[in-house]
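**Q** Sequence and predicted structure are below.
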Amino acid sequence: MAEFTGRDVYQAEFDPRAYLEYFQFGAGTLGDEALEFYLKQLCKTFAAGRLKGDTLLDLASGPTIHQFLSACESFGSIVASDPVDRNRQEIEMWLKKKPGAFDWAPIVKHVCELEGNRDKWAEKEAKVRKTVQQVLYCDVLQSNPLAPVTLPQVDCVLAVECLEAACKDLSSMQAALKNISSLLKLGGTLVLVGILGCSFYMVGSRKFSSLVLTEKNLRDALHATGFAVVEYEAEPRFDKDMYDACDFTSKFCLLARKEKEA
Ligand SMILES: C[S@@+](CC[C@H](N)C(=O)[O-])C[C@H]1O[C@@H](n2cnc3c(N)ncnc32)[C@H](O)[C@@H]1O
């Protein structure tokens, strides 16, 4: 098992450019498998208009924007967040169309195709840029993950591969869910997307730890923190190679409603 890599290790050693290699879509990297599943699930969750509201908060955004592509159709504003300065800068570079920003166009086109509108990808990029209004610091292990900023409670919290990366063990995951719950309105929805059975992943040559999750661990921790799981979907890993890059066993997406204060 990889040694736990906490927030300070992320800040010092997480290289956004190396991580973005997983997003060279269609290149046959391991990223494709998880990403295709995530995009399909997020399209189903958001683009169909099933989940709507004023504000969506995305936790542990990393340097990526794929998670906003369907969500921007259903929420008036999106707040991105991550503890790593270089990750937030990478997102800002893309939002501001700075030279050298990562090219998300192939992934944007793929999402437009999933949504039945392949030709609208330029409009989609413009919509994401308009909807993502803030990129904040966050640490889900703090009681207010956005401190020193305080946001009014939001309608929806999204977290893609967040708990796996941020939490050392199951009790810290439960604490993180309690912290996350404080950011969400009563009746609001937490959308968790990620991987099960994963103990590590590589970013360039650096190994990052991952909390090994199971469906039961997730359901127990959510129940204990006042959430009701309303949807759960998982698919087993089909890639049989590249276990040296990441050892996940399946991908999951779940929707949980906040039923009470944690
Ligand atoms: C595997 S990346 C996921 C990035 C992005 N959500 C995606 O879909 O690709 C894990 C992210 O968790 C963030 N992270 C690590 N510790 C954290 C913490 N304590 N609170 C919030 N985010 C954290 C890292 O900075 C990193 O961006």
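**A** Arrived safely, thanks for sending.
**Q** And the helices in the stretch 151-262 of the chain?
**A** Taking DSSP state H, counting those that start in this stretch as the test, the helices found in the stretch 151-262 of the chain are 163-166, 170-181, 215-224.
**Q** Residues of the stretch 101-250 of the chain that sit close to the ligand?
**A** Residues of the stretch 101-250 of the chain that fall close to the ligand, judged by C-beta under 6 Å from any ligand atom: Cys138, Asp139, Val140, Leu141, Val160, Glu161, Cys162, Ala165, Ala166. The way it works is simple: take the backbone N, C-alpha and C, and place the C-beta from them, glycine included.
**Q** Most neighbours among those, which one?
**A** Looking at those with neighbours defined as other C-beta atoms under 10 Å, the largest count falls to Cys138 at 30 neighbours.
**Q** which SSE is that one in?
**A** Cys138 belongs to no helix or strand when elements are defined using DSSP states H and E.
**Q** Disregarding residues adjacent in the polypeptide, which is nearest to it?
**A** Ser81 (3.6 Å; C-beta to C-beta, 6 or more residues apart in numbering).
**Q** Read off the pLDDT value for the one you found.
**A** Among the per-residue scores, Ser81 holds a pLDDT of 98.
**Q** Show the contacting residues for it.
**A** Contact analysis of Ser81 by C-beta atoms under 8 Å, 6 or more residues apart in numbering lists Leu57, Asp58, Leu59, Ala60, Ser61, Arg88, Val135, Leu136, Tyr137, Cys138, Pro145, Leu146.
**Q** deepest of the helices of the stretch 151-262 of the chain, which one?
**A** Relative to the other members of the helices of the stretch 151-262 of the chain, helix 163-166 carries the highest mean neighbour count by mean count of other C-beta atoms under 10 Å, namely a mean of 24.
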